[in-house]
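>>> below are the sequence and a predicted model for it; my questions follow.
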Amino acid sequence: MAKRKPAILTIAGFDPTGGAGISVDSAVFRSLGFHPLTVLTSVAAQGASRVAQIQGLSGDFIRRELEIVSQEFQPRAVKIGMLYGEPAVLACADFIEKHGLSAVLDPLIWASSGRSLLRASAMRSLSQRLIPMCRLITPNLQEARYFLRMPILNLSEAAQAARWLARRWETWVLLKGGHLPGPPVDVLTDGDQVRRYPHSRIAEGTNLRGTGCALSAAAAVGLAQGKPVEEAVEFAVKFLQKAIANHYLAAQNKSVGYLHFPAGQAR
């Protein structure tokens, strides 16, 4: 008799290089024993180091995707990545509200090349409608600076910024500290208590694609497994460090690296 696997959902964009977005989320889910459900929000024309164009899907189409998936599967949790437009933001918010799913949101605003990944018209709905419905938000430093309109220059300021965001949104915030000076430290808080997750710098000098996608996807797996947020984040941080340590090269640009997720890498 065939083995049955639990399902988990990603709502995100498509990167044709396979370095980020839905492709990475699916790889993370499969490596950790889950069946991936993938609802597409947008398609990007991009290479290993630049985004040339983004085409967002209509809100009606995204809602149709979500409707059909939810009729035939029962996802244990959802990871949300690139949304691009307000119709996608509102479709996600309505879906989470209806089904009561634990959601991890990676609030993608800009690509590393500087290209906008979220239209300005969607910012208000993201902050006021979707984010407060999610169980965990995983901004990087640039995104946290945008939401707070303030500089974040060291670990102490990162911890305070994460607290402010968690209190504003009334949810857990994991502020990714990879761009802080010194050894990277990710900061998790519910607005009161703060936990720090220090880790080593691996593959310095390499532009690793999809690290934020993989971290938030692995955290969603942790929640789907019934872990509390703190344990889900610790699980995700360890998972990502192993994926980084096993990274590989594929593009002609040898400074761009890709994550590797062997099956059973973290449990």
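Received the coordinates, thanks. Numbers count the residues shown, from 1 in each chain.

>>> hey, which strand is longest across the protein?
Criterion DSSP state E: the longest strand present in the chain is strand 35-46.

>>> low-confidence ranges in this protein?
112-114, 264-267 (pLDDT under 70).

>>> quick one on the thing from earlier: now for the next helix or strand after the longest strand of the chain, which elements pack on it?
Past strand 35-46, further along toward the C-terminus, the next helix or strand under DSSP states H and E is strand 51-56. Contacts defined by 3 or more Cβ pairs under 8 Å, 6 or more residues apart in numbering; DSSP states H and E place strand 51-56 against strand 35-46. Any C-beta I mention is one placed from the backbone N, CA and C, and that applies to glycine too.

>>> coming back round to it: so how far is the longest strand of the chain from its chain's centroid?
13 Å (Cα atoms, centre = their mean, to the nearest Å).

>>> stretch 159-170 now?
Counting by Cα atoms, centre = their mean, stretch 159-170 comes out at 18 Å from the chain centroid.

>>> cool, stretch 122-134 as well?
With Cα atoms, centre = their mean as the basis, stretch 122-134 stands 15 Å off its chain's centre.

>>> just the endpoints, please. Distance across that stretch?
Start and end residues of stretch 122-134 are separated by 16 Å (Cα to Cα, to the nearest Å).

>>> report the angle between the helix or strand where E67 lies and strand 35-46.
Using DSSP H and E, E67 falls within helix 59-72. If you take axes from the mean of the first three to the mean of the last three Cα atoms, to 10 degrees, helix 59-72 sits at 160 degrees to strand 35-46.

>>> tally up the residues packed near the residue lying closest to Q241 once chain neighbours are set aside, please.
Sequence neighbours aside, H199 is the residue nearest to Q241 in space, at 5.4 Å (criterion: Cβ to Cβ, 6 or more residues apart in numbering). H199 has 16 neighbours, counted by other Cβ atoms under 10 Å.

>>> does H199 touch V237 like I think?
Yes. Between H199 and V237 a contact is recorded at 6.4 Å, counting by Cβ atoms under 8 Å.

>>> got any residues that touch both of the two?
Here H199 and V237 have D186 as joint contacts, going by Cβ atoms under 8 Å, 6 or more residues apart in numbering.

>>> ok, G210 - contacts?
19-21, 24, 258-259.

>>> dump those into CSV; add neighbour count and secondary structure as well.
As requested, the contacts of G210 are arranged in CSV below (neighbours: other Cβ atoms under 10 Å; DSSP: H, G, I helix; E, B strand; the rest coil):
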residue, neighbour count, secondary structure
G19, 23, coil
A20, 27, coil
G21, 28, strand
V24, 27, helix
Y258, 20, strand
L259, 23, coil
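
>>> from those, which is closest to I62?
Nearest to I62 among those, counting by Cβ to Cβ, is G21 at 14.7 Å.

>>> can you give me the strands for this protein?
Secondary structure of the chain by DSSP E: the strands cover 7-14, 35-46, 51-56, 78-80, 103-105, 136-137, 172-175, 185-189, 194-198, 207-209, 248-249, 256-258.
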